[in-house]
Every structure is written in structure tokens, then in C-alpha cells.
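**Student:** how would this look folded up:
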Amino acid sequence: MQANTTQPAPEKETRYKGVRLRQWGKWVAEIRLPNSRKRIWLGSYYTPEKAARAFDAAFICLRGGEAIAGLNFTESPPAVVARTTDPREVLAFATSHANLLSLLDAAIAQEEEAHSFKKEEEAQVEEKTAEESSDVVRANAAPPPPVQVAGGSFDWSQLPLYSPTTTPAAEHWEEDNVEGTTSDNLWSFDF
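**Tutor:** Model prediction:
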């Protein structure tokens with residue numbers, strides 16, 4: 001009898017229109033011009049979502065705002081100013097849309113990370129405050145005696161204050177380099 005060794009099928013990667021994976025791991029996007037065999041290269045991207053957003057922008061740019069049904073991301077269609085079939089304009093719009101949304105996604109992720117970091121930091125501050133308050137209670141009970149130095153020359157109970165060291169102003173090398181005192185003999189090959 002054969003044992004039932006069915007393994008769960010690996011999760012299938014989402015496929016986007018106008019996007020394919022190159023051998024070396026980059027995702028590329030391209031789109032065909034309407035009623036033509038010509039294609040517009042939309043660039044290569046590190047993620048399939050970014051390439052799909054570039055395709056969506058080019059799709060709307062070529063076919064108009066009413067063609068939302070053919071998009072990869074129908075919930076967030078790009079706002080196109082005008083329809084065009086000029087490949088340079090389509091490429092520029094597609095690239096800017098893909099990069100803009102990735103920047104927005106990165107900013108949102110960074111904001112969420114900062115928010116969670118802030119909550120974590122607040123929890124640590126509360127924890128530290130609780131620890132310090134217990135230390136303060138102990139410290140108020142008996143203050144430490146000041147340290148005595150032989151001869152009483154310096155009060156070590158207070159930290160000494162140091163003024164910042166000043167750096168001399170850098171003078172121009174021309175002022176230091178008086179004519180005739182240069183080391184011309186270093187570069188002289190006359191013996």
C-alpha cells in the first residue's frame with residue numbers, strides 16, 4: 001500500500017499583466033500600442049508590483065481613464081492628465097507612477113515603524129521611570145557623604161566644568177609661505 005504523501009501545493013506567485021521575470025531576477029514591464037504590433041518598454045524593476053503599477057499607468061495613458069477594467073490594481077488607478085501614444089511620454093508617466101507609489105508605500109511603512117518604535121520607547125521610558133523612582137526613594141533615605149580630599153583642595157562632590165577647547169583659526173598657507181623659504185630644493189634635481 002502506498003502512503004499518502006500529498007504535499008501542499010506551493011503558493012502560486014501573482015501574475016500581473018504586462019510583467020515578466022528576467023533570468024537574472026529583475027521584473028520587466030512592457031505594453032503594446034493599441035491596434036499595433038509595436039511595444040513600449042516600461043523598464044525593469046526589483047518587484048513585480050512596481051512593474052505592474054508601471055503597466056497600469058501606461059495602460060491608462062494609452063487607453064484612457066475608462067479602461068480601468070484592464071488594470072492590475074483596479075482599486076488604485078493612476079490619475080492620467082491626458083491620453084497619448086508617444087512612447088517617451090508613456091514611459092515617463094509609467095516610471096514616475098511606479099516610483100511615486102513605491103515612495104509612498106515606503107513612507108507609510110517608515111511612519112508605521114516609527115509609530116511602533118515610539119510606543120516601544122514610551123514603554124521603556126515608563127519602565128525606566130518606575131525603576132528610577134524606586135532608586136530615588138532609596139536615595140532620599142540617606143544621601144552619600146561628600147568625598148574628602150587630603151588638604152581639602154578640591155570639592156569632588158561636584159563634577160568639574162571644562163570649557164570647550166578652542167582650535168586656532170586656520171591661516172592661509174600663503175601667509176606662512178614666505179617667498180624664498182619654500183622647500184624648492186626638494187624638487188630641484190641639480191646636484
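**Student:** Three-state assignment for residue 14, please.
**Tutor:** Under the three-state scheme (DSSP: H, G, I helix; E, B strand; the rest coil), residue 14 adopts coil.
**Student:** That one: what's it in contact with?
**Tutor:** Applying C-beta atoms under 8 Å, 6 or more residues apart in numbering to residue 14 gives the contacts residue 48. Every C-beta, even on glycine, is put in place using the N, C-alpha and C of the backbone.
**Student:** what about it, distance to residue 25?
**Tutor:** For residue 14, the distance to residue 25 equals 17 Å [C-beta to C-beta, to the nearest Å].
**Student:** Over to residue 49?
**Tutor:** 15 Å.
**Student:** Could you check which of the two is surrounded by more residues?
**Tutor:** residue 49 (19 against 8; other C-beta atoms under 10 Å).
**Student:** what's the closest non-adjacent residue to that one?
**Tutor:** residue 16 (7.7 Å; C-beta to C-beta, 6 or more residues apart in numbering).
**Student:** Can you list the low-confidence ranges for the chain?
**Tutor:** 1-13, 81, 101-109, 115, 125, 129-191 (pLDDT under 70).
**Student:** Quick one: residues contacting residue 43.
**Tutor:** 28-29, 51, 54, 91, 94-95, 98.
**Student:** Filter these down to the ones in strands?
**Tutor:** Those of the contacts of residue 43 mapping onto strands are 28-29, per DSSP state E.
**Student:** Who wins on neighbours among the contacts of residue 43?
**Tutor:** Among the contacts of residue 43, residue 54 has the most neighbours (other C-beta under 10 Å), with 33 neighbours.
**Student:** Can you give me every residue that contacts it?
**Tutor:** Counted by C-beta under 8 Å, 6+ apart, residue 54 has contacts 29, 42-43, 45, 94-95, 97-98.
**Student:** now, among these, which is nearest to residue 74?
**Tutor:** Relative to residue 74, the closest of the contacts of residue 54 is residue 97; by C-beta to C-beta it sits at 14.8 Å.
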